[in-house]
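Asker: Generate a structure from the sequence data that follows.
(2 chains)
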Amino acid sequence: MKGYMPFPNAELRIPIEYKDKMDAYTRTRPTGGERPNPEDAPFPRQLDLWFMGVCLGAISNERVNLSGNQSHKFNTASMLENDAEKIEILELIAIATTGDPYIIGDPRRVIEIANELAAGGLPQVMQMIEDGNSRNIDNLSDKVKAKLLEVLPPAKPEPAGA
Amino acid sequence: MILFKRSHFQNFRMLREVELEFSTDAHRPLTVIRGENASGKTTILWAMQWAFWGDQILPEGGRDFRLHPLDWHRTDGPCPISVQITFETEVDEEGSTGIARRYNINRQCVEEVTADGGFNRHSNTLSLYELTDKGTQLKPHPELFMSAIFPQELREVFFTDAARVLSFTGSELSQTTKRKRVQDAIRSLLGIDLLEDSRDHVRWVQTEINSLLKESSGDEFLKELAGKIDRADRELQEQTKTRDSATEQMGELEVMYAETSSKLEAALVRGDREKLAGDLSKADADSKRYRAQVEDCIRMRSDLFKDDNLSSGLLHRHIGAALEKLWELKEANQIPRNFMPVLEQRLEMGECICGEKLVAGDEHYEHVRSLMKEQQLADDTSSRLSYLVSAALKFASSDTTGHQWLGQLNNLWQMQANAETGWREAEIGRRKLDLELKDLPDTDVNQLRDHRNDLLRQKERVLERRSAAETSITRLGRELTELRDNQKNWMKRENKYREQQSQLEAAQDLVSVLQLAYETIQNTKMKDVSEKMNDFFLRMIGAGRESDMVRRAEIGPDFDIIVYGPHQKLLDPDRDLSGAQRRSLTLAFILAVTTVSGVTAPSVIDTPISELSGAVRTECLRIMSQMSQQLILFLTRADIEGVQGVIDEYAGKVLTISNSTHFPQFLVNDPHEDKAKTMTCTCSHREFCGVCERVGDDSDPDLRRRMGAVGARA
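Answerer: Prediction:
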């Protein structure tokens, strides 16, 4: 559903201690400046790193309450305006996490849950990037692949003759 | 025949006072001077050559080459230097007499050490004495006499050191140099130069007689004939000069052409600079292209982290759980839910579904309006939830989308690996080409090609000139024969020119004899030298059999030393012969040219066999000893090892030289000398004494202590 933006002014936040690392591991940032090499900064945008945190927080059911002083607003949710599927996923996560479909009627809460999950998942994201002997993007690729294989059911066999 | 009898050196470098005697025994022609490195062997070689040819044979003409001992101080005063050599020869000032005469040559000079450590050399004199039973007789013009007996072109034949043992075959010498040295040695020893000079002189005499005839004869016809002969003769000389110069030029051009061709071949083997540069540029472009591909793959892999297939894959369980909740609502018909149209209709009708009137402004109306507002929100959520059912269903296949993401990741990894392999290979290729290009001498292949083509054109032009000159020479030769026959017949008929006719005939006969001798030497003697050299060479290296790589060596018409392998295959002495074989070839050539020429001159050779080993060393020494009239060799103890038997058999004299400063490091006994000097003793190759005993001699099974020897300190 394009153009649907339930939380235009909601703030996307992370724990303040991850601010520098978020800068270091993303290729582009809202403030502009030098574009780091994707080998070192594997995430295209800060949003993508945050979203990976949300996913991992959800998988491990880690939620960290973010009080205003301890968190850093890196953007507003309006940047999701053209990313309908991410909005859908955030809403579905909120439903799955709370068990209440009507939670989506409270968009601020949906983003709050996402922020909490992101805060819970970010340590894992950083670990995925930093652990290993390879370049950041290779470390991350390896770990994400392993995580996917861990959570996904086995691939369906290819139809015969395919 | 020339034989060295003895030599005496005074203050020539470290030869402060040294006297050597050489074997003159025809059956034992070998003299061995045993000495280790830095004991004065090479100095003796220099000193003897200096005695014969003076400063000109010293490095840089002797300008900075001091002759006085290194430890001669300024306070020691002027240093008198002299080298005397006593030799025997059958030649005197008039030529060969067949009677042996003894001479003593004495070259002297004085050197004064200057305050700045340099030196001045002066009072350089050369004296020659004939030694007779009645006493000594000073001979005039010693330089002329010496240059006749010891022409400088034969220096390499008489005196050869370790460095110059490759004078005729060394790989570092140009073909032209080697050819010139071989030619000089042969021409000088075989007397070809002398014959040529004599022939040309008689021809000149012939021309002079003819000129006189032309001027003095009153006979017009004879005058005309003499004039024609004179013109033809001059033209013949001119054409001969042209032909000879063209031949010489042709030789030089051929060498230059061969050198340029080999440079070109080498450059082409190593690589054409332009082609290499092109290949490098292509490799550079390949490297950049592959590197860009690698970077693209990494960037695309990075972009994969914003792909929703990844998040939906990771969250497929959560999406499933959410879908379950939504499905429950749908099953309970709670979504979609839309009350708004009903309420709007009732407000328009002015009657509630309960039957009560709805009038704007009253309480019931406002209540319905409030309900409508709440319902609006509930309907939006419901509508969104309803939409989310379809969205969740779309994501429900998230296991598939997750695997798709993994597939994309693997593909990108594979692409990146391929690109990296391509990049690495291109980079290796690029670096290799870069190095090749840097290593490539600054040779322009095209320039070399142009140069070679230019040389080819020059060769063609010179060849044309030579052919034209040869044609003219043939024509002029016929014309001259005809004219001289006419002249002879006319003079016979006239009967008054008998004297001139006899002179001309005598000159003509002489020219014919000299020409014949010249051709005989060129054709026969050269062949003899070539065959002897081949014989000596093959015996020295033990080759020539069917299984051997070296089959034959000969001297070609252009004075090249040519070596053949199996099936008449030409071998390049520089590349296909070992260092030992090249040394043997030089020694064989020297022996051959002296043997054939009959010029029985001494050969003085410094460490000629040090690079040879085993049978080659023994055979070289044996053949040299057998074929030489007098052979003086400087050998180290290491050189002597294994050839003691040959020395026993052929050496008429063996003596040992030692360096006083070698005590105590190498010499066992203190020589009690406060100056560096060469010491001599009469120890043979199998002995040592108090003067020459070196560390280890005592335990060497090949050596014995010379009993009772005090050692003659020179």
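Asker: who are the neighbours in contact with the residue lying closest to A:Pro6 once chain neighbours are set aside?
Answerer: Spatially, and ignoring its direct neighbours in sequence, A:Pro6 is nearest to A:Pro107 (4.0 Å; Cβ to Cβ, 6 or more residues apart in numbering or on different chains). Placement of C-beta: from N, CA and C, glycine included. A:Pro107 makes contact with A:6-7, A:10 under the criterion Cβ atoms under 8 Å, 6 or more residues apart in numbering or on different chains.
Asker: and what of B:Leu347?
Answerer: Taking Cβ under 8 Å, 6+ apart, we find B:Leu347 in contact with B:358, B:365, B:368-369, B:372.
Asker: what about 7 Å?
Answerer: Applying Cβ atoms under 7 Å, 6 or more residues apart in numbering or on different chains, we find B:Leu347 in contact with B:358, B:368.
Asker: Just confirm it is within a helix.
Answerer: Yes: assessed with DSSP: H, G, I helix; E, B strand; the rest coil, B:Leu347 lies in a helix.
Asker: Can you name the next helix or strand after the longest helix along chain A?
Answerer: Counting residues, the longest helix found in chain A (DSSP state H) is helix A:107-130. Sequence-wise, the next helix or strand downstream of helix A:107-130 (DSSP states H and E) is helix A:136-151.
Asker: And the contacts of that following helix?
Answerer: Residues outside helix A:136-151 that contact it (Cβ under 7 Å, 6+ apart) are A:25, A:38-40, A:42, A:59, A:128-132, B:298, B:301-302, B:313-314, B:317, B:402, B:405-406, B:409.
Asker: Kindly report the same for stretch B:467-474.
Answerer: B:236, B:239-240, B:242-243, B:246.
Asker: Next one, pLDDT for B:Asp444 please.
Answerer: B:Asp444 carries a pLDDT score of 70 in this model.
Asker: so how far is chain A from the residue lying closest to it once chain neighbours are set aside?
Answerer: Excluding the flanking residues, the one nearest B:Asp444 by Cβ to Cβ, 6+ apart is B:Arg273, at 6.5 Å. For B:Arg273, the distance to chain A equals 37 Å [Cβ to the nearest Cβ, to the nearest Å].
Asker: Does B:Arg273 touch B:Val445 like I think?
Answerer: Yes: B:Arg273 is within contact range of B:Val445, at 6.1 Å (criterion: Cβ atoms under 7 Å).
Asker: What subset of the contacts of helix A:136-151 is buried?
Answerer: A:25, A:38-39, A:42, A:59, A:128-129, B:298, B:301-302, B:313-314, B:317, B:402, B:405-406, B:409 (16 or more other Cβ atoms under 10 Å in any protein chain shown).
Asker: Which of the helices or strands spans residue 86?
Answerer: I went with chain A, as the question did not name one. Per DSSP H and E: helix A:84-98 holds A:Lys86.
Asker: if you could check chain B rather than the one you did, that'd help
Answerer: strand B:79-92.
Asker: Let me see the mean pLDDT of that strand.
Answerer: In this model, strand B:79-92 has an average pLDDT of 89.
Asker: hmm, who's touching that strand?
Answerer: With Cβ under 7 Å, 6+ apart, strand B:79-92 has contacts from B:1-12, B:47-48, B:50-51, B:67-68, B:72, B:96-111, B:149.
Asker: among those residues, which ones are buried?
Answerer: Listed as buried from the contacts of strand B:79-92 are B:1-5, B:7-12, B:47-48, B:50-51, B:67-68, B:72, B:102-111, B:149; burial here means 16+ other Cβ under 10 Å.
Asker: Of these, which ones also sit close to chain A?
Answerer: Of the entries in the buried ones among the contacts of strand B:79-92, none also sits close to chain A under the rule Cβ under 7 Å from any Cβ of the partner chain.
Asker: Now, these that are in strands?
Answerer: Cross-referencing those against strands under DSSP state E gives B:2-5, B:7-12, B:102-111.
Asker: residue nearest the centroid of chain A?
Answerer: Residue closest to the mean C-alpha point of chain A, counted by Cα atoms, centre = their mean, is A:Phe51 at 1.1 Å.
Asker: The nearest residue to it once chain neighbours are set aside: helix or strand, and which one exactly?
Answerer: In space, A:Phe51 comes closest to B:Ser311 once its chain neighbours are excluded; the distance is 6.0 Å by Cβ to Cβ, 6+ apart. Per DSSP H and E: B:Ser311 is located in helix B:308-314.
Asker: Near chain B, which residues of chain A? Just list them.
Answerer: A:1, A:27, A:38-39, A:42-45, A:48, A:51-52, A:55, A:58-59, A:85-86, A:88-89, A:91-93, A:95-96, A:99, A:101-102, A:104-105, A:137, A:141, A:145, A:147-148, A:151-153, A:155.
Asker: and those residues, which are buried?
Answerer: A:27, A:38-39, A:42-45, A:48, A:51-52, A:55, A:58-59, A:85-86, A:88-89, A:91-93, A:95-96, A:101-102, A:104-105, A:137, A:141, A:147-148, A:151-152.
Asker: could you dump the helix or strand B:Ile319 falls within to PDB, C-alpha only?
Answerer: Element membership for B:Ile319, per DSSP H and E: helix B:316-331. Extracted in PDB, the C-alpha atoms of helix B:316-331 (Å, rounded to 0.1, in the frame of the first residue of the first chain):
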ATOM      1  CA  HIS B 316       9.100 -15.700   8.900                       C
ATOM      2  CA  ARG B 317       8.100 -17.200  12.200                       C
ATOM      3  CA  HIS B 318       6.900 -13.800  13.500                       C
ATOM      4  CA  ILE B 319       5.000 -13.200  10.300                       C
ATOM      5  CA  GLY B 320       3.400 -16.600  10.600                       C
ATOM      6  CA  ALA B 321       2.400 -15.800  14.200                       C
ATOM      7  CA  ALA B 322       0.900 -12.500  13.100                       C
ATOM      8  CA  LEU B 323      -0.900 -14.100  10.300                       C
ATOM      9  CA  GLU B 324      -2.500 -16.500  12.700                       C
ATOM     10  CA  LYS B 325      -3.900 -13.600  14.800                       C
ATOM     11  CA  LEU B 326      -5.200 -11.900  11.700                       C
ATOM     12  CA  TRP B 327      -6.700 -15.000  10.400                       C
ATOM     13  CA  GLU B 328      -8.600 -15.500  13.700                       C
ATOM     14  CA  LEU B 329     -10.100 -12.000  13.300                       C
ATOM     15  CA  LYS B 330     -11.000 -12.800   9.700                       C
ATOM     16  CA  GLU B 331     -12.600 -16.000  10.700                       C
END
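Asker: Show me the contact partners of that helix.
Answerer: Residues contacting helix B:316-331 (Cβ under 7 Å, 6+ apart): A:58, A:92-93, A:95-96, A:99, A:101, A:151-152, B:312, B:335, B:385, B:388-389, B:392-393, B:395-396, B:398-399, B:402.
Asker: what angle sits between that helix and helix A:107-130?
Answerer: Counting by axes from the mean of the first three to the mean of the last three Cα atoms, to 10 degrees, helix B:316-331 lies at 160 degrees to helix A:107-130.
Asker: Give me the below-cutoff pLDDT ranges for chain A.
Answerer: Residues of chain A meeting the criterion pLDDT under 70: A:1-3, A:29-34, A:68-69, A:156-162.
Asker: Not counting sequence-adjacent ones, nearest residue to B:Trp46?
Answerer: In this structure, B:Trp46 finds its nearest non-sequential neighbour in B:Leu58, 7.2 Å apart by Cβ to Cβ, 6+ apart.
Asker: correct me, but the one you found touches B:Phe65?
Answerer: Yes: with contact defined as Cβ under 7 Å, B:Leu58 reaches B:Phe65; the gap is 4.5 Å.
Asker: related to what we said a few turns ago, if we go by neighbour counts, what in the strand holding B:Thr86 is buried?
Answerer: For strand B:79-92, a neighbour-count test (16+ other Cβ under 10 Å) marks B:79, B:81-89, B:91-92 as buried.
Asker: Kindly provide the distance from the residue nearest to B:Gly652 when sequence neighbours are not counted to chain A.
Answerer: Excluding its sequence neighbours, the residue lying closest to B:Gly652 (Cβ to Cβ, 6+ apart) is B:Ser23, at 2.8 Å. Distance from B:Ser23 to chain A, counting by Cβ to the nearest Cβ: 81 Å.
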